[in-house]
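1. sequence-free structure coming up:
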């Protein structure tokens, strides 16, 4: 186990990203619940969601409701940590930004109802909105924390300068950016988070969508996976973890098999030489 940021709240070293269970191509809800429970049974205690993990604005909160339904009858539900986000919309199925304080406050109330809780454990600003001053959006989250609506605050899709600016307003416990072998531009952010004692949540850690299907094709991953008797996907999750002492990959899954495989990656520890091999390898997105 590890902890969230500078808190004493324990979470698993691998998290679970809920998005694939609620967007286009999602499985039936009973399957989605089974996948979530399989991940928890395999040792995952951190689940990441967002109000916009859904099909469109008429479906807002789908993923939050699904997670709440999946864990409702679990005897160990109190140890499950659910993070969610605000700052986007889904008009007509599109992804648009809305970082206005009004939108963030409204989204918070809806997420509280969808999750069936009185306080959101970790509430994250989904992405900066160019039409709204960044600090005004962050202040809305600080106000929600002061009001007891959320316990901890985090950011997503930000750079180091934005982490610095937000940290002057409210204590940041997490930063969630994309990081995988295909897209490595957030390695510096992960390292800065480690320096600051902020948890770095790596989304799309195996590439997401089309790119994730390419992972088994790379010889360097095949070789290392054979040495560790694990899947190439587990090797990639271990590599992501190596990019910062506070890094937690949050892979998604639509099947029980993939959820369990991701959880088992917590036991895969790469050598410095194996990490270097992956570092110097090219992962084509073509």
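-> Looks like it arrived, so ask away. As the structure is a prediction and not an experimental result, all values here were calculated from the model.

2. for the helix or strand bottoming out on mean pLDDT in the chain, which positions count as buried?
-> None of the helices or strands of the chain scores lower by mean pLDDT, DSSP states H and E than helix 209-212, at a mean of 95. Buried positions in helix 209-212, judged by neighbour count with 16 or more other Cβ atoms under 10 Å: 211-212. The way it works is simple: take the backbone N, C-alpha and C, and place the C-beta from them, glycine included.

3. Now do the helix or strand following that helix, average pLDDT.
-> Proceeding N to C from helix 209-212, the next assigned helix or strand is helix 219-228, under DSSP states H and E. Mean per-residue pLDDT for helix 219-228: 98.

4. which residues touch helix 219-228?
-> By Cβ atoms under 8 Å, 6 or more residues apart in numbering, the residues outside helix 219-228 that reach it are 215-216, 231-232, 234-236, 268, 270, 274, 277-278, 281.

5. go again using 7 Å as the cut-off
-> Contacts to helix 219-228, defined as Cβ atoms under 7 Å, 6 or more residues apart in numbering, come from residues 215, 231-232, 235-236, 268, 270, 274, 277-278, 281.

6. Weed out the non-buried ones from these.
-> Taking 16+ other Cβ under 10 Å as the criterion, what is buried in these is 215, 231-232, 235-236, 268, 270, 274, 277-278.

7. now for the lengthiest helix in the chain, which elements pack on it?
-> Scanning the chain for the longest helix, with DSSP state H as the assignment, gives helix 101-115. The criterion is 3 or more Cβ pairs under 7 Å, 6 or more residues apart in numbering; DSSP states H and E, and the helices and strands that helix 101-115 contacts are helix 62-71, strand 81-86, strand 120-125, helix 134-146.

8. Strands of the chain, start to end?
-> Per DSSP state E, the chain has strands spanning 2-3, 10-11, 16-17, 46-48, 81-86, 88-89, 96-97, 120-125, 150-156, 172-178, 199-203, 247-249. These are given in chain order.

9. can you put those in CSV and add mean neighbour count?
-> Compiled in CSV, those are given as follows (neighbours: other Cβ atoms under 10 Å):
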stretch, mean neighbour count
strand 2-3, 16
strand 10-11, 20
strand 16-17, 28
strand 46-48, 27
strand 81-86, 26
strand 88-89, 20
strand 96-97, 15
strand 120-125, 25
strand 150-156, 24
strand 172-178, 24
strand 199-203, 27
strand 247-249, 26
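
10. if we can go back for a sec, of all the buried ones among the contacts of helix 219-228, which two lie farthest apart?
-> When the buried ones among the contacts of helix 219-228 are compared pair by pair using Cβ to Cβ, the farthest-apart members prove to be 231 and 277, with a separation of 17.0 Å.

11. Which positions within stretch 226-241 qualify as buried?
-> Under the neighbour-count rule (16+ other Cβ under 10 Å), stretch 226-241 has 228, 230-241 buried.

12. Equivalent analysis for stretch 135-144, please.
-> The neighbour-count check on stretch 135-144 (16+ other Cβ under 10 Å) flags 137-142, 144 as buried.

13. quick check, nearest of those to residue 176?
-> Scanning the buried residues of stretch 135-144 for proximity to residue 176, where the rule is Cβ to Cβ, the winner is residue 141, at 13.6 Å.

14. my guess is the closest one meets residue 122, correct?
-> No: here residue 141 lies out of contact with residue 122, judged by Cβ atoms under 7 Å, at a distance of 10.7 Å.

15. Does residue 110 touch residue 57 like I think?
-> No: because the distance of 11.4 Å does not satisfy Cβ under 7 Å, residue 110 is recorded as not touching residue 57.
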